[in-house]
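Student: Sequence and computational prediction follow.
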Amino acid sequence: MTRTPPTQGTLEGAGADPEHTSDSGTYWKEHLLSWEAAAYYKDRRTRPSFWDRTSSIFRGRAMYVRMEAALQLVSSHVGGLRVLDIGCGSGRFAFELLEAGAQHVTGVDVSPAAVEAANARRAQSSCADRLDFTVMDLTDPGVELPQVDLITALGVIEYFDAPALSALLGKFRTRNFLIDFPDSDGRKRNRLAWYLRQVYLRGNRCPGVYLYTQDDFRRMAAEHGFEAVWYAHRSGFDYVTNLPQS
């Protein structure tokens, strides 16, 4: 299967159901800004919830590290590209991609509050014409993604069960992607971190987290035409991509 070369990056929402939402989507609509306020504590603009404040004690600057490691993996490839950032939150990684040389970045997120914050940052930016942020629930069968050169997604796929994740990959209109990959083997490597995360998720009443093996994801990606998938471990985080290996 050959992917159609990208030609433009306009968002296409035809067929989307404005009333559609998944359990995870509902959770993140209500919770994302609190999570961000704790995870990205250096520039938080809202007060995190009790559970998020507690989690930041154990998490430290891990989310900054995850973003920095992802940026290192794409930095030599992103110049001049049109990028779609899935799960963009309030736009931190989208701005980093732009700084790294992306031609245009479109961010989508299920949280209207997060997208509103991203657009507020965009309005104050000198490169507003190279950014777009839109509310989108990617579990909605009617949602279509724009055609781009690269898709990025940090902290996203673990909230999709296998059918929903396969459907998401089927919506990709791109040649390349970079996704952070909290795989099932990682749970075995750090059982304490996994246990603490379960306490956090239950305290926050998160609907669930789904972990996949590398082989599981590779098979799923191949079903949608993505070959040459490889995995990278950087700064304690795992990523899956099909970008050319340098």
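Tutor: Yep, that arrived.

Student: CA atoms for contacts and neighbours, from now on please.
Tutor: OK.

Student: Name whatever forms a beta bridge with the spatially most central residue of the chain.
Tutor: With distances taken as Cα atoms, centre = their mean, the residue of the chain nearest its centroid is residue 153 (2.7 Å). Partner residues in beta bridges with residue 153: residue 86, residue 179, with DSSP bridges as the criterion.

Student: Now do the strands in the protein.
Tutor: Residue ranges of the strands in the chain, as given by DSSP state E, are 82-86, 104-109, 131-135, 150-153, 176-180, 230-234, 237-241.

Student: of the ones you listed, which approaches residue 54 most closely?
Tutor: Residue 54 lies closest to strand 237-241 among the strands of the chain, at 21.4 Å (Cα to Cα).

Student: quick one: average pLDDT of that closest one?
Tutor: Across strand 237-241, the average pLDDT comes to 95.

Student: Which strands or helices does that strand pack on?
Tutor: Strand 237-241 sits against helix 62-74, strand 176-180, strand 230-234, with contacts defined as 3 or more Cα pairs under 8 Å, 6 or more residues apart in numbering; DSSP states H and E.

Student: okay, these, which one's buried deepest?
Tutor: Ranked by mean neighbour count under mean count of other Cα atoms under 10 Å, the helices and strands packed on strand 237-241 are led by strand 176-180, which reaches a mean of 22.

Student: if we look at that strand, which residues are touching it?
Tutor: Contacts with strand 176-180, where a contact means Cα atoms under 8 Å, 6 or more residues apart in numbering, come from 70, 74, 149-157, 237-243.

Student: Touching, residue 37 and residue 47? I think so.
Tutor: Yes - applying Cα atoms under 8 Å, one finds residue 37 in contact with residue 47, separated by 6.4 Å.

Student: Just the buried residues of the contacts of strand 176-180.
Tutor: When neighbours are counted using 16 or more other Cα atoms under 10 Å, those contain these buried positions: 70, 74, 149-154, 156-157, 237-243.

Student: so can I have JSON lines of the strands of the chain showing distance to residue 64?
Tutor: Rendered in JSON lines, the data for the strands of the chain read as follows (distance: least, Cα to Cα, whole Å):
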{"stretch": "strand 82-86", "distance to residue 64": "16"}
{"stretch": "strand 104-109", "distance to residue 64": "18"}
{"stretch": "strand 131-135", "distance to residue 64": "21"}
{"stretch": "strand 150-153", "distance to residue 64": "15"}
{"stretch": "strand 176-180", "distance to residue 64": "13"}
{"stretch": "strand 230-234", "distance to residue 64": "13"}
{"stretch": "strand 237-241", "distance to residue 64": "11"}
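
Student: Distance check, residue 221 against residue 68.
Tutor: For residue 221, the distance to residue 68 (Cα to Cα, to the nearest Å) stands at 25 Å.

Student: tell me the contacts of residue 232?
Tutor: Taking Cα under 8 Å, 6+ apart as the contact definition, residue 232 lies against 238, 239, 240.

Student: do you know which of the helices and strands packed on strand 237-241 lies nearest residue 135?
Tutor: Taking Cα to Cα as the criterion, strand 176-180 is the member of these that comes nearest to residue 135, at 19.7 Å.

Student: as a whole number, average confidence for that closest one?
Tutor: Across strand 176-180, pLDDT averages out at 97.

Student: tilt between that strand and strand 230-234?
Tutor: Taking axes from the mean of the first three to the mean of the last three Cα atoms, to 10 degrees, one finds strand 176-180 and strand 230-234 inclined to each other by 40 degrees.

Student: and the longest helix for the protein?
Tutor: Ranked by residue count and defined by DSSP state H, the top helix of the chain is helix 23-39.

Student: Show me which residues of that one are buried.
Tutor: 24-29, 31-39.

Student: Closest one of those to residue 138?
Tutor: Checking the buried residues of helix 23-39 against residue 138 with Cα to Cα, the nearest one is residue 25 at 8.7 Å.

Student: is it true that the closest one touches residue 109?
Tutor: No - Residue 25 lies out of contact with residue 109 (Cα under 8 Å); the separation is 9.3 Å.
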